[in-house]
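Asker: I'd like to go over a predicted model; first the sequence, then the structure.
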Amino acid sequence: MSASSSGRGKGRDQDRAVDGLRRSSRPGPRVTVGEGAIKARPQAPRDAGPGEVRIVGGVWKRSKLPVPASPGLRPTPDRVRETLFNWLGQDLAGWRVLDAFAGSGALGFEAASRGAAQVTLIERDGALASALRANLKRLDKDGTVPMTIENADALTWMKRAAPGSIDLVLLDPPFAQDLFLPALKAAAPLLSPQGLIYLESPEVIEAPEALGLSVWKEGRAGAVHYRLLRRSG
């Protein structure tokens, strides 16, 4: 074989090898280049279904609560609830608890899971109130948990409730509605002598001196500020 025919043979062999690689290679994700970075083309988002929250302590620990989609609904994060109930102690036996803006029910169900004597959840949105009742029925199969769920306006309900009748008021109002001070004013008279108010907000909210409340514990997680208030003195 001449040198020229040998070169043509090697060329054909190389062409066949390249073709084989092309046929066997699978197409990878398309990429775009910008600002010196290589990014895969984003996939189309999946349809968002109902969310869920997870109870972090007590007899219902690790139980999941399905939460229907609702504008403005923002369940209290797991780590914030864990911190709150570390402050309160893991056993709430004997406590009377009000979850005034229940939403997902995460705070109220945590209190019930830890043995509270009475837990009342107030939720104005009818669909959310129905979801709360369904979750209670699923978790409390024998109907012995002392929990009440009311489809009502929280401020109106608190103004009508008996003074001194609550040991722990949980306040996590919708952030966009600026109900923090009205909620504090409505909740303060409900406290028992050793009662506490938990307030969650996008910024630090100072309770007016006239309410006779002082900060006992406070924390922050991202954009969420949370405080535990008690009677001054």
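Answerer: In hand now; what should we look at?
Asker: how does this protein divide into domains?
Answerer: Taking automatic domain parsing as the reference, the chain has its domains at 3-40, 51-231.
Asker: which of those domains is buried the deepest?
Answerer: Of the domains of the chain, the one with the most neighbours on average (mean count of other C-beta atoms under 10 Å) is domain 51-231, at a mean of 18. Any C-beta I mention is one placed from the backbone N, CA and C, and that applies to glycine too.
Asker: part of a helix, is A131?
Answerer: Yes. Counting by DSSP: H, G, I helix; E, B strand; the rest coil, A131 falls inside a helix.
Asker: make sure it is actually in contact with L73.
Answerer: No. Checked against C-beta atoms under 8 Å, the pair A131 and L73 is beyond contact range at 10.3 Å.
Asker: what is in contact with these two at once?
Answerer: V67 (C-beta atoms under 8 Å, 6 or more residues apart in numbering).
Asker: in CSV: the domains of the chain, plus mean pLDDT.
Answerer: Output for the domains of the chain, formatted as CSV (pLDDT from 0 to 100):
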stretch, mean pLDDT
domain 3-40, 42
domain 51-231, 95
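Asker: who are the neighbours in contact with the residue lying closest to D140 once chain neighbours are set aside?
Answerer: Nearest residue to D140 in three dimensions, chain neighbours excluded: M147, at 7.2 Å (C-beta to C-beta, 6 or more residues apart in numbering). When contacts are counted by C-beta under 8 Å, 6+ apart, M147 is found next to 108, 112, 118-121, 136, 140.
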